[in-house]
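[1] have a look at this prediction, sequence included:
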Amino acid sequence: MAHDEDEAYTVRPYAVTGGRVSAASADLPMEALVEATTSTEALTGLTPEKKKILQLATGQYQSVAELSAHTRLPLGVVRVLVTDLAEVHYLKIHIGGTAQDAHTHDASGGLSLSLLESVLDGIAAL
């Protein structure tokens, strides 16, 4: 029985994304913030996973990583679903100030003080 559960888990993410393994914007960082731009009550025809993402992103910003944790879906699957929802304007993605951006580094190449302070502020808010 445990084998069947493991097999179902490995098949499910593939089915949720319609067989796609990468999002249209494959470089979507896991720390990108997402917000819903539409009411979840008015949406019909969406999968339960997409509806859950929209519910989580309604009224507050959620990172892609947080959405992955709350939905218990792999990060790659959530990236695909978030990109899909953004393409139809159900979600707005905010990318900026990530660790990969050049302006988040200081002159010596390390992470800037402002980025590190933002991370600490976020941790403190938890």
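    Alright, I've got the coordinates.
[2] which helix or strand contains Leu120?
    helix 113-125 (DSSP states H and E).
[3] Lys49 touches Ser68, doesn't it?
    Careful, residue 49 is Glu; it's not Lys. No. Here Glu49 does not reach Ser68: they are 11.0 Å apart, not a contact under CB atoms under 8 Å. (Glycine included, C-beta is placed from N, CA and C.)
[4] what packs against the helix holding Leu120?
    Judged by 3 or more CB pairs under 8 Å, 6 or more residues apart in numbering; DSSP states H and E, helix 113-125 is in contact with no other helix or strand.
[5] ok, back up a step: find residues that contact each of Glu49 and Ser68.
    Val77 (CB atoms under 8 Å, 6 or more residues apart in numbering).
[6] quick one: secondary structure of Ala65?
    helix (DSSP: H, G, I helix; E, B strand; the rest coil).
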